[in-house]
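Participant: test case, fold it:
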Amino acid sequence: MTETTSIQTVTYLLKLGELTLKGGNRAVFEQTLKRNLAARLRGTAAQIVTTNGRFYVRCREEVTTAVEGILDRLMGITGWAKTRVCAKQAEAVIAACIEVARECVARGVRTFKIEARRTDKSFPMDSFSIRRDGGEAVLAALPDLKVDVHKPQVIIEVEIREKAYIYGMEQKGRR
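Facilitator: Predicted structure coming up:
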């Protein structure tokens, strides 16, 4: 997945939930989901990329409404989110946390917390450092936003995988 292209692209991260726990049948379930998703996305020129326990859908900005409608009705996923994709560099990850927080504030969010998951352990920051440094940067950039670790209005998720994926405002899937 490339981050820079001549056409503005949007990436959605899909969470598969229990589908990944199906043992020996996992590949069959994932292929069925991918086939169903591809059939629904036909005509949108969206791309499906799969990695361990995650599906990503990349599309052009002008078809996001159609793609989001498809994801809202897709059976087999526990959730999805419009995702910022950035390089695995601490500065880029922190900047993306701030941008996601700005988008959340624009939607009326006043409290947040940051969660972090590193499947790529070579990333120089551990999960605690990502949460701490990301939270400090968000608070410095958006002083009206408050941290609430118990009942935040939004959780800003940071996933360090083959790239860094940062998102908030996750939508529930049909499961």
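Participant: break down this structure into its strands, ranges please.
Facilitator: 9-15, 47-51, 54-60, 79-86, 111-118, 146-147, 154-160, 164-167, 171-172 (DSSP state E).
Participant: which stretch among the ones you listed comes nearest D133?
Facilitator: With CB to CB as the criterion, D133 lies closest to strand 111-118 of the strands of the chain, at 9.1 Å. (Each C-beta comes from the backbone N, C-alpha and C, glycine too.)
Participant: mean confidence for the closest one?
Facilitator: Averaged across strand 111-118, the pLDDT comes to 96.
Participant: partner strands of it, parallel or antiparallel?
Facilitator: Sheet pairing for strand 111-118, assigned by DSSP bridges, gives strand 146-147 (parallel), strand 154-160 (parallel).
Participant: other SSEs contacting the helix or strand of the chain with the lowest mean pLDDT?
Facilitator: For the chain, using mean pLDDT, DSSP states H and E, the weakest element among its helices and strands is strand 171-172, scoring a mean of 80. When contacts are defined as 3 or more CB pairs under 8 Å, 6 or more residues apart in numbering; DSSP states H and E, strand 171-172 sits against helix 64-73, strand 79-86.
Participant: count the residues that sit near T65.
Facilitator: 9 (other CB atoms under 10 Å).
Participant: next: G17.
Facilitator: Neighbours of G17 (other CB under 10 Å): 14.
Participant: quick check on the closest residue to it other than its chain neighbours: phi, psi?
Facilitator: The shortest distance from G17 to any non-neighbouring residue, by CB to CB, 6 or more residues apart in numbering, is to T78 (3.3 Å). Here is the backbone geometry of T78 (degrees, to the nearest 10): phi -90, psi -20.
Participant: how near is T78 to L13?
Facilitator: 12 Å (CB to CB, to the nearest Å).
Participant: equivalent analysis for T44, please.
Facilitator: Distance from T44 to L13, counting by CB to CB: 17 Å.
Participant: tell me which of the two has more neighbours.
Facilitator: L13 (21 against 16).
Participant: isn't that one up against T51?
Facilitator: No: contact criterion CB atoms under 8 Å: L13 and T51 do not qualify, at 10.1 Å.
Participant: need the pLDDT of the residue located most distally from the centre of the chain.
Facilitator: Centroid-distance maximum for the chain: G24 at 26.8 Å, with CA atoms, centre = their mean. According to the prediction, G24 has pLDDT 71.
Participant: mind starting the numbering at 12 from now?
Facilitator: All set: I'll call the first residue 12, so the last point we hit is now G35.
Participant: so who does it touch?
Facilitator: Contacts for G35 (CB atoms under 8 Å, 6 or more residues apart in numbering) come out as none.
Participant: and what of V169?
Facilitator: Neighbours of V169 in contact, by CB under 8 Å, 6+ apart: 104, 108, 125-128, 141-142, 145, 175-177.
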